[in-house]
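J.: missing the sequence, but the structure's below:
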């Protein structure tokens with residue numbers, strides 16, 4: 001649930017956890033009801049532009065690098081040699097931009113059901129779409145679940161599920177059957193990564209269930225990496241990796257250390273630290 005209070009503050013209320021997050025706004029820049037969701041963009045006083053989908057904060061200029069770097073670089077530095085990458089969701093194109101920083105990647109296909117999100121990013125978040133014309137990039141506006149259903153077995157190296165919360169258009173992306181299909185299209189040694197909500201609010205529910213479903217789907221190894229994300233519920237977020245015949249608890253540390261990418265958050269040290277879960281998360285995930 002979200003609202004504007006006194007025409008100055010955008011507030012997203014998290015009723016289930018008795019908390020809320022607010023940003024002081026100066027004006028509304030966009031208000032579009034697409035075929036799939038309600039899309040809004042606001043100008044804020046301290047976080048740059050703000051994108052909202054169905055009342056939920058999606059990203060801001062100020063802190064989106066945290067999410068986009070952590071959903072892209074840990075999985076790409078964990079895979080032995082990622083060449084063929086697919087992104088389900090990610091219509092703002094920030095994840096696509098990060099994936100394309102890896103010179104060894106030969107092709108990235110992004111499948112988002114709602115073209116209006118990409119149009120809004122092109123207008124109001126130009127830094128996120130600056131790699132859209134890279135010849136290795138393919139942007140499709142289609143149903144990601146259907147795309148996975150029709151993809152060939154053992155055809156991709158890395159699958160990134162850059163979805164919204166598990167409701168509405170993204171609900172099917174958190175189902176066990178979908179994870180089995182993801183496993184099917186990954187090559188041996190392939191890895192998938194999925195945004196997995198707040199460690200503080202969801203470790204013993206959504207994240208625990210996702211990890212269990214990944215194992216039921218055939219993935220031998222899973223790892224959840226927490227990281228700060230100020231504009232999301234609790235200010236703390238996570239991604240969960242799952243490996244097909246490969247461990248996701250180790251990564252190419254030498255390559256991650258040596259990278260010259262102009263990153264703002266991800267480093268080999270950050271990756272290593274994120275793998276060291278705090279006790280309450282280890283307890284929540286214990287079988």
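T.: In hand now; what should we look at? None of the values given here were measured: they were computed from a predicted structure.
J.: hey, let's count contacts and neighbours off CA atoms from now on
T.: Noted.
J.: quick one, what contacts residue 85?
T.: Shown in contact with residue 85 (CA atoms under 8 Å, 6 or more residues apart in numbering): 105, 107-109, 156-160.
J.: what do you get if the cut-off is 10 Å, keeping everything else the same?
T.: By CA atoms under 10 Å, 6 or more residues apart in numbering, residue 85 lies in contact with 76, 96, 99-100, 105-110, 137, 155-160, 186, 190-192.
J.: From the residues you listed, keep the buried residues only.
T.: The neighbour count (16 or more other CA atoms under 10 Å) marks 76, 96, 99-100, 105, 107-110, 137, 156-160, 186, 190-192 as buried among the contacts of residue 85.
J.: Low-confidence stretches in the chain?
T.: By pLDDT under 70, the weakly predicted segments of the chain are 1-7, 164-174, 287.
J.: one more time with 50, if that's ok
T.: Filtered on pLDDT under 50, the chain yields the residue ranges 166-170.
J.: Inside helices: which ones of the buried ones among the contacts of residue 85?
T.: Using DSSP state H, the members of the buried ones among the contacts of residue 85 that fall within helices are 76, 96, 99.
J.: Please enumerate the strands of the protein.
T.: Counting by DSSP state E, the chain has strands at residues 2-5, 9-14, 19-33, 38-44, 49-53, 56-60, 84-89, 107-112, 137-141, 156-162, 186-195, 221-228, 236-243.
J.: how does this structure divide into domains?
T.: For the chain, automatic domain parsing gives the domain ranges 2-60, 64-282.
J.: Deepest in the core, which of those domains is it.
T.: Counting by mean count of other CA atoms under 10 Å, domain 64-282 has the highest mean neighbour count of the domains of the chain, with a mean of 19.
J.: now the spatially closest residue to residue 62 that is not a sequence neighbour: how far from residue 211?
T.: In this structure, residue 62 finds its nearest non-sequential neighbour in residue 47, 4.9 Å apart by CA to CA, 6 or more residues apart in numbering. Residue 47 sits 33 Å away from residue 211, going by CA to CA, to the nearest Å.
J.: Would you check how far apart residue 198 and residue 205 are?
T.: The spacing between residue 198 and residue 205, counted by CA to CA, is 10 Å.
J.: correction: residue 146
T.: Taking CA to CA as the measure, residue 146 falls 27 Å from residue 205.
J.: One more: residue 91?
T.: Distance of residue 91 to residue 205, given as CA to CA: 27 Å.
J.: Residue 249 and residue 273 touch, don't they?
T.: No. Residue 249 is not in contact with residue 273 according to CA atoms under 10 Å; the separation is 11.4 Å.
J.: ok, which stretches of the stretch 151-287 of the chain are helices?
T.: For the stretch 151-287 of the chain, the helices defined by DSSP state H, counting those that start in this stretch occupy 176-185, 199-202, 208-216, 253-258, 268-275, 279-285.
J.: which strands and helices sit next to the second one?
T.: With contacts defined as 3 or more CA pairs under 10 Å, 6 or more residues apart in numbering; DSSP states H and E, the packing partners of helix 199-202 are helix 208-216, strand 221-228, strand 236-243, helix 279-285.
J.: Which strands and helices lie in contact with the last one?
T.: So that's helix 279-285. helix 199-202, helix 208-216, strand 221-228.
J.: How far off centre is that helix?
T.: On the basis of CA atoms, centre = their mean, to the nearest Å, helix 279-285 sits 22 Å off its chain's mean C-alpha point.
J.: Show residues contacting that helix.
T.: If you take CA under 10 Å, 6+ apart as the criterion, helix 279-285 is touched by 199-200, 202-205, 207-209, 211-212, 224, 226, 276-277, 286.
J.: Any idea how far apart the tips of stretch 197-217 sit?
T.: Taking CA to CA as the measure, stretch 197-217 stretches 20 Å from start to finish.
J.: Got phi/psi on residue 45?
T.: The phi/psi pair for residue 45 (degrees, to the nearest 10) reads phi -80, psi -30.
J.: Quick one, which of the helices of the stretch 151-287 of the chain gets closest to residue 232.
T.: The closest of these to residue 232 is helix 199-202. By CA to CA, the value is 11.1 Å.
J.: how close does the closest residue to residue 239 other than its chain neighbours get to residue 155?
T.: Nearest residue to residue 239, sequence neighbours excluded (CA to CA, 6+ apart): residue 195, at 4.3 Å. Distance of residue 195 to residue 155, computed by CA to CA: 22 Å.
J.: center of the protein - which residue?
T.: Here the mean C-alpha position of the chain is nearest to the C-alpha of residue 162 (CA atoms, centre = their mean), at a distance of 3.5 Å.
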